[in-house]
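Q: Below are the sequence and a predicted model for it; my questions follow.
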Amino acid sequence: MPDAWSDKRERQYEHVKDSAKEQGRSEDEAEEIAARTVNKTRAQEGESEEASRTSIQDKSSSERGGERSHSGPQGRTKDQLYEDAKREGVEGRSSMDKDELKDAVEDR
């Protein structure tokens, strides 16, 4: 957990992590899910210095209620895939459709 998180965010992190582990996720995956959830909440509530467009404009994690949790019929949104491609430095990402972005991100 980053030092910048408040006590409230640390409790949220532990709660989300425990829930993910109860669902059968590995320790590493549970930690990643928890960190992403807390960071997105911090961004939406103006607690972070930087935030991606999808963190601010998308539904909050609590509103989503598990939609798009890397599974299900549609999986991640095009904006989420684009942000992943951007972080990974995928060339030509701006002209890719959702399926192409998904393939590019998964191939790395």
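A: Alright, I've got the coordinates.

Q: contacts, neighbours, all on C-alpha from now
A: Will do.

Q: Walk me through the domains of the protein.
A: 1-68, 76-108 (automatic domain parsing).

Q: what's the helix or strand where residue 32 lies packed up against?
A: Element membership for residue 32 (DSSP states H and E) is helix 27-44. For helix 27-44, the packing partners by 3 or more CA pairs under 8 Å, 6 or more residues apart in numbering; DSSP states H and E come out as helix 7-22, helix 53-57, helix 61-64.

Q: nearest to residue 104, of those helices?
A: Nearest to residue 104 among the helices and strands packed on helix 27-44 is helix 53-57 (18.9 Å), distances taken as CA to CA.

Q: picking up where we left off before, kindly present the helices and strands packed on helix 27-44 as JSON lines, with separate columns for mean neighbour count and distance to residue 31.
A: Formatted as JSON lines, those follow (neighbours: other CA atoms under 10 Å; distance: least, CA to CA, whole Å):
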{"stretch": "helix 7-22", "mean neighbour count": "16", "distance to residue 31": "6"}
{"stretch": "helix 53-57", "mean neighbour count": "15", "distance to residue 31": "18"}
{"stretch": "helix 61-64", "mean neighbour count": "12", "distance to residue 31": "15"}
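
Q: Going C-terminal from the lowest-mean-pLDDT helix or strand in the chain, what's the next secondary structure element?
A: Every helix and strand in the chain was compared by mean pLDDT, DSSP states H and E; the lowest is helix 61-64, with a mean of 67. As assigned by DSSP H and E, the chain's next helix or strand after helix 61-64 is helix 78-88.
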